[in-house]
Every structure is written in structure tokens, then in C-alpha cells.
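1. Model the structure of this input:
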Amino acid sequence: MSNFLSPPAYKPERTGVQADADYRRLRWQVFFGIFIGYAGFYLVRKNLALAIPMLVPLGFTTGELGAALAMNAIAYGVSKFVMASMSDRSNARRFLPLGLILSAIAMMFMIVPVQFFSNQKGLAIFLMGAFNLLVGWFQGMGAPACSRVMTRWFSIKERGTWMSFWNCALNLGGAMIGPMASYGAIWFGNWFYANDEKMYFLIGTYAFPAAVALLIAIIAYMLIRDTPQSCGLPSIEKWSGVAPKNYDEKKCERTLSLREIFRTVLCNKFLWYIAIANSFIYMIRYGCLDWAPTILGSQGVSIKESGWAYFAFEFAAIPGTIICGWISDKLFKGRRALPTMIFMAIIIIAIVIYWQNLNNINVVVGCLIAIGFFIYGPQMLVGLQALELVNKNAAATANGLIGFMGYVVGTAFFANFLIGYVAERSGWTLVFVMMIIACIMTIFFIGFTCKEDRHLIVEEKNNQQIEDVKGKFVAQPCLAISK
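-> Below is the predicted model:
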């Protein structure tokens, strides 16, 4: 397995017009590869949540199913960090499709507990939790591989824009799973369960999305390339003439040992600031998203209206993420901290208006749209900031650390457990106060990174051959901070 996943060897470097054309073409190719590949992961992520309404009539309780569902978030949060350290030492072209294939297979096995052990509820729930845990674990192979590709094919001054578009893959994949589950049951349920319509959902929710994910994994493998050097092309720093202040060709273009990777990541105080901030961002994201139907239901809002509010939150994320990434590149010249802080300040205003107008569905939907618009951009930018504050050969692990904090601390503990407990004991007023405090804490911890976030990029504006640019980087491997 180690040899199978090992990064491909570098090929002799090519220069000239054709090499430049190949570079431009391959950048688009690998971007589409990681975009559709990551969207594919969302087809086989939280499918159990869609199946819960159909599982309850079969005799399972929401509490039992909720426990099985929780295995996914916990496993995913831990896996993002563990698998990220593997991703930094692996071939992204194989690592991402392998994770997607394993996720799809584990998702297919979610049918087994219901179909064969529905009369043994304890065993069925145990198996659901186990398979859902495997799904969450294999899901951790997706984002780190994309981070590896992003840092190797796109320069620091354009990465915000490219990554903002890539981040929309999660919204696309998340949006597709609902219709896919419905139509999959209609199209293929009869093939497997004849007239037993109550079981059709197993095909639509689990088997059909998993089959599509397997196809996407093959396409992603065909498109993705690990590094420019493995294609006989120069590093992105040489080709673009743009490098961050921490770039050193000798250090950044070799595979690090696990010890070096963990030392680079765990000893970086700025990454810890970002990771803590990310836990609060995820608390706000899932605190607003997951509890919106419950909050609105307590105010007498219908399920249909709550559903539209939920949809509006997710849909607003797409333009918000893209605009945030573009702003960080074009207006802030590659700096990520300031736009993150500005967006979080705007979210405070939206949360206050939301809180004070719970009985007005139009105002609530407008606030959820605003929160969805502004929250996903900071989520994307803190991930990007983590990639850029370390040696790029430890970038996936850095992203894994903040992912762990986001999902395990921010989602599982803050957004799910803590908010649920506080709402039950003290009511929703205190929940809104907590989310406002979370915004303030995000701004506070991101503020510590502002100075370090000044990447002081130097652009080599010339029309000379790539070798001339290479010579300048060899002469100045670390760009002076004092400029």
C-alpha cells in the first residue's frame, strides 16, 4: 500500500512554449478533478440523516439513529488530521479516488443492518454506527488530497479565488444528494425490492449515490495529477514567479518525514490560533444550520417554511464563498485574516437581527441567507490560511488540524452537544448570546495572525525563460520580511 500511494518521481523539467501551454491546460484539468472528486465525497457522507425518517417506522428510535449518525462526525474530524499526515506523503491522484471508493463501499454496506438485522435492533444499530464510522473515516481522505493539489498547482496570489470555487463542490454535492436519493428510489427500488416499497429508500439513499460516487472516483483519477514536477514541469513558484515568504525550494520541494510534518504543524502557534477560530466558525455554521428548523418550529413556523430557510442558508454559501475568495486575492493581495474578521463582524449583526425577529419568517430567512453568505467564506479562508502558513509539504496536515478542531470541537461538542444542552436548560436566548460570543472569539484569535498573514509576495514580472526565474528563487529562497 505504501508503494501504491507514494508520490510519483519527478520527471526532467521541460521549458518553452509547449511546456507553458501544458501547464495552463493541466491546471484546469486537475482543478476539475479535485472539484468533482470532492463533490463526490458529499454524495456518500451523511446519507443516514436522509434515511432517518424512513427508518423510524421500521422500529428504530431517533435517539438510537442519532447515536449512529454521531459516529460520522467524530470519525471524520479525527480522520481529517490523521489522513492529512498520510496525504502529505502520498500521491493525490490515487489518494483521493481511493478514499472516495472506500467511502462508497462503506455506504453501500449501510443497507445490510436494515435488510438483514432489522429484527435485532441492538445489532442493527451497532452495525449502522460501525459502517457510518468507516464512512466518516474514509471521508477524511478527500479534503487533504485537494489541499495538496491546490498548493502545488496554484500560486499564493490566486489561490483564494481558485479555492473559493473549489469550496463550492461541497455545496454542489450536498445539494445533489437529496434529489438523487428520491429519484434513485423511484428508478431502481423496484429492481431490488419488487412491491416492498418501504425498502426502496435503501437503494435511493445508499446504493445509488454510492454507485455514482464510484464512477466519479474513476473520472477524478483520470484528471488529477499529483505535482507539476511529476509531469515534467517546474514548481508553481518558478512558473508563476510568485512565492510566499516561507518558500525555500530545497525544503519545499521534497517529501518530509512524519516527524518533520508534525513538528512543523504542531509547533506553529499561528496554526493553533486558526484552529481555535475554526472551532467557533463551525459552531456558528452548524449552530445556525442544524438548529434552524427546531428554533423556527418553537416559534410556530411550519416545516415547509423551515425547509426553505434551510435551503436558503446553503444556497447563499456559493456566491458568498466565491466573493470572499476573490476579495482576499484582489483587494487584500493574498491576505486572509482581515476579510475573515470583516465577514464575522457582519455575521454578528445578522445573528442579532435573527434573534430579535424570530416570529417574522421573512426576516429570519433573510438573516439565514446573510449568515450562509458570510460564514462559508471565513471557513474557506481559515483553511487556506493554514495551507499558506506552513511548508507546502505539510499543508494537508495543517488543514487536517483545523478540520479536527472544526468538526470534533466546533460541530460535535459546541454546535450539537452544548447548544442542545443550553437550549433545553436555558432557552434559545442564551444560545444566540453564545453564537455572538463565538463570532467575537473568532475575530479575536484570527487577529493574532494578521501580522504573520502579510505574506509579502514578490512578483517576478519578466518575460524571460523559466530558468531565469528559477535562478532568482535559488538566489533568494526566503523573501525578506522587512520589505
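
2. which ones are touching residue 353?
-> Residue 353 sits next to 363, 367 when contact means CB atoms under 8 Å, 6 or more residues apart in numbering. Every C-beta, even on glycine, is put in place using the N, C-alpha and C of the backbone.

3. how about a cut-off of 6 Å?
-> residue 367 (CB atoms under 6 Å, 6 or more residues apart in numbering).

4. Please identify which helix or strand holds it.
-> Residue 353 belongs to helix 337-356 when assigned by DSSP states H and E.

5. Tell me the helices and strands packed up against whichever strand or helix holds residue 421.
-> According to DSSP H and E, residue 421 maps onto helix 419-426. Applying 3 or more CB pairs under 6 Å, 6 or more residues apart in numbering; DSSP states H and E, we find helix 419-426 packed against helix 428-447.

6. Next, the angle from the helix it packs on to helix 337-356.
-> Relative orientation of helix 428-447 versus helix 337-356 (axes from the mean of the first three to the mean of the last three CA atoms, to 10 degrees): 170 degrees.

7. Let me see the mean pLDDT of helix 428-447.
-> Helix 428-447 carries an average pLDDT of 96.

8. where do the strands sit along the stretch 151-300 of the chain?
-> Listed in chain order, the strands of the stretch 151-300 of the chain (DSSP state E, counting those that start in this stretch) span 242-243.

9. So, low pLDDT: which residues of it?
-> Across the stretch 151-300 of the chain, the ranges flagged by pLDDT under 70 are 244-256.

10. returning to what we had before: go ahead and name everything in contact with the helix holding residue 421.
-> With contacts defined as CB under 6 Å, 6+ apart, helix 419-426 is touched by 287, 430, 431.

11. picking that back up, mind checking how far the helix holding residue 353 is from the chain centre?
-> Taking the mean of its C-alpha atoms, helix 337-356 sits 21 Å from the chain's own mean (CA atoms, centre = their mean, to the nearest Å).

12. what element comes up after it heading to the C-terminus?
-> helix 361-388.

13. what packs against that next one?
-> For helix 361-388, the packing partners by 3+ CB pairs under 6 Å, 6+ apart come out as helix 159-193, helix 269-298, helix 303-330, helix 337-356, helix 395-404.

14. Determine which residue lies closest to the centroid of this structure.
-> By CA atoms, centre = their mean, the mean C-alpha position of the chain lies nearest to residue 143, the distance being 5.6 Å.

15. Could you check how far that residue is from residue 425?
-> Counting by CB to CB, to the nearest Å, the separation of residue 143 from residue 425 is 35 Å.

16. what do you get for residue 51?
-> For residue 51, the distance to residue 425 (CB to CB) stands at 30 Å.

17. In terms of packing, which of the two has more residues around it?
-> With neighbours defined as other CB atoms under 10 Å, residue 51 and residue 425 compare such that residue 51 has more, 23 against 8.

18. which non-adjacent residue is nearest the more buried one?
-> Spatial nearest neighbour of residue 51, chain neighbours left out: residue 205 (4.6 Å); criterion: CB to CB, 6 or more residues apart in numbering.
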